[in-house]
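**Q** sequence and predicted model, in that order:
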Amino acid sequence: MKFNPKKDISPKYLFLALSIICILLLGLSLFSDSFMSGVRGLFGKMITPMQEGVSNIGEWVEERFLVFGDVKELRTENEELKKRNDELEDQISRNQAELTELAELRQLYMLDQMYPEYNKTAARIFSVENTGWFNEFYINKGLNDGVYEDCNVLYDGGLLGIVVESYDTYARVRAIIDDRSKVTASIGQNSALCTVEGSLSTYKDGYLVAIDIDKEAKVSVGDRVITSNVSDRFLYGLTIGYVTELIPDPNNLTVTARIKTAVDFSSVRDVLVITDRKQEVTY
C-alpha cells in the first residue's frame, strides 16, 4: 500500500506537531543554554561555509569587474599613447627636416660669403642622372631667374659645376667630376697653370687629377687648387680642391697632382648659381 502524505497526514496534526516542537525548543532555551549553544553551533557550522562561499563568489565577481574596467581603461590609454607617439614622431620628422634645411641654408650663406664679388641665386636639384654621383643634374632655376648657359654652380666648399643648358624654369648642370669636364686651374705659390680633368672612375677612388703642371712650379701637398683667370668659362678664384699627392710625369717636364675635391658629390640638394658669367666680368 502506497503512502500518500497529502492524504494520510492531516494538516491539523502537522500543525500540532510543529507547535509542540517550537514549545519544547522555547522551553529548552529558557532552561538549557548549553543545548541551544549546540544547536546554534550546528547551524553555524552549516551556514558559515555557505556564507564564506557566497562571499568568495561575490569578491571574485567584483575583481573580474574591476579587472575588466582596468583593461578597458588601459586600452583607452594605450590608444591615446599610440596616437600621441605618432604625433611626436611626425613632429620629430618635421623638426629634423627643418634642421636639415636650416643647416643647408647656413651652408649656402657661408658659401655666399666666400665669394661676395659675384651675384648668386639659390636653386634646388630636382632630377639627377642615374650614375650614383651628382655628375649631371637639373635645377629648378632657369632663364626666368637669370640662370644662363655657362653660369658657374657652387656647393659645399667650392666649385660644383657649370650650367650647360638653360630653359625658362629649369637648367641642366654638369659637374666637374663628369668625364666630359675640363677646368683650367691654377695651383701652388706661383699660380702655375694646370687642367683639372673630370673622371667618375678616379673620383670613385677619391680624387681628380690636375695635369700638365710645370715641374719647376712650387706646388706642395695641401695647396689649394682654384679656377684660373685664363679659363674661358669659369670665373676666377673658385675653389676646386686640395693637392693630396704629386706624381712626376714620364717626360720629366711636368707633374700630375691628385686632388681631393672641395665638394662631396655623393649628396647634393641646394646649390648656389653665380648669375655673372665669364664674358660679362672684367678684371
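**A** Yes, it's here. Source: prediction; values computed, not measured.

**Q** can you give me the end-to-end span of stretch 235-242?
**A** Stretch 235-242 has an end-to-end distance of 18 Å (criterion: Cα to Cα, to the nearest Å).

**Q** repeat that for stretch 209-223.
**A** Using Cα to Cα, the end-to-end distance of stretch 209-223 comes to 14 Å.

**Q** doesn't Val147 fall inside a helix?
**A** No - counting by DSSP: H, G, I helix; E, B strand; the rest coil, Val147 falls outside a helix, being coil.

**Q** from Thr275, how far out is it?
**A** 7 Å (Cβ to Cβ, to the nearest Å). The C-beta positions use only the backbone N, C-alpha and C, and glycine is treated the same way.

**Q** what do these two both touch?
**A** Shared contacts of Val147 and Thr275, defined by Cβ atoms under 8 Å, 6 or more residues apart in numbering, comprise Thr121.

**Q** who has more neighbours out of these two?
**A** Neighbours per residue, other Cβ atoms under 10 Å: of Val147 and Thr275, the larger number sits with Val147, 24 against 17.

**Q** and the more buried one, what is it in contact with?
**A** Neighbour list for Val147: Thr121, Ala123, Ile139, Lys141, Val163, Ser166, Ala171, Val273, Thr275 [criterion: Cβ under 8 Å, 6+ apart].

**Q** so Ser228 is in contact with Ser186, correct?
**A** Yes - with contact defined as Cβ atoms under 8 Å, Ser228 reaches Ser186; the gap is 4.4 Å.

**Q** shared neighbours, these two?
**A** When Cβ under 8 Å, 6+ apart defines a contact, the residues bordering Ser228 and Ser186 alike are Leu193.

**Q** let me see the mean pLDDT of stretch 232-239.
**A** The pLDDT scores in stretch 232-239 average 95.

**Q** same question for stretch 258-277.
**A** 94.

**Q** quick one: contacts for the residue nearest to Ser267 when sequence neighbours are not counted?
**A** Leaving aside its chain neighbours, Ser267 sits nearest to Phe134 (7.6 Å; criterion: Cβ to Cβ, 6 or more residues apart in numbering). Phe134 is in contact with Ile125, Val128, Leu160, Ala175, Phe265, Ser266, Ser267, Val268, counting by Cβ under 8 Å, 6+ apart.
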